[in-house]
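1. Build me a model from this:
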Amino acid sequence: MIYPAKRDWWISLLLMLISLVQLSSAGLLMGIYFWKQVPHLWVAGLIPGNIAAVLLWILLGTRYEIGERNLVIRLGPLRWRLATDSIVEVYSTVRLHADFGWGLALSLDRVRIKCRDRWLPFWISPENKTDFIAELRHANPHVQVIQD
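-> Down below sits the predicted model:
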């Protein structure tokens, strides 16, 4: 089943503002290229445009899919595939913790997933945490679930 990511308003606003600034600078550079005929300035305009596209892709394309044998974490163009039988611990929290890991969550209402074969845990934020954890426990009954 596919679980969309929960997004806090301030993270969404921050990503949208950064994307808007990047798109504005890309438009400005492309405009200078066409109006002033500055050679190769269009290349510099592509960089902030691509940054904005990736940030918007992350904002709109983050989701988590629990399959028969794998948990697939998608963060825009990036993807991680975790075997469900390698998941050892699921820690649910709504607070900010000073913990190392892949910070892939777009919300503070998030879940930390520790795997046996991975050095760093994954922080994700499914929109419906209870159903997500229940389905993960169904896929791997040996998962230890810790509630904060």
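2. Every contact and neighbour count from this point should use C-alpha atoms.
-> Noted.
3. how about the most centrally placed residue in the chain, what does it touch?
-> Central residue of the chain (CA atoms, centre = their mean): Leu75, 3.6 Å from the mean position. By CA atoms under 8 Å, 6 or more residues apart in numbering, Leu75 lies in contact with Ile58, Gly61, Thr62, Arg63, Leu104.
4. Just grab the bridge partners of it for me.
-> In this entry, Leu75 is beta-bridged to Thr62, Leu78, by DSSP bridges.
5. Could you report the pLDDT at it?
-> Looking at Leu75, its pLDDT stands at 95.
6. for Gln37, same thing?
-> With respect to pLDDT, Gln37 scores 84.
7. pLDDT (mean, whole number) over stretch 80-87?
-> For stretch 80-87, the mean pLDDT works out to 94.
8. That stretch: end-to-end distance?
-> Its first and final residues considered, stretch 80-87 spans 13 Å by CA to CA, to the nearest Å.
9. measure His138 to Cys115 for me?
-> As judged by CA to CA, His138 and Cys115 stand 16 Å apart.
10. Please work out how many residues are found near Leu13.
-> Leu13 sits with 13 neighbouring residues when counted by other CA atoms under 10 Å.
11. How about Leu14?
-> Burial measure for Leu14: 11 neighbouring residues, criterion other CA under 10 Å.
12. element containing it?
-> Under the criterion of DSSP states H and E, Leu14 resides in helix 9-36.
13. So Val54 sits against Pro77, correct?
-> Yes: counting by CA atoms under 8 Å, Val54 touches Pro77, with 7.3 Å between them.
14. Neighbour count for these two, which is higher?
-> Applying other CA under 10 Å to Val54 and Pro77 shows that Val54 carries more neighbours, namely 18 against 11.
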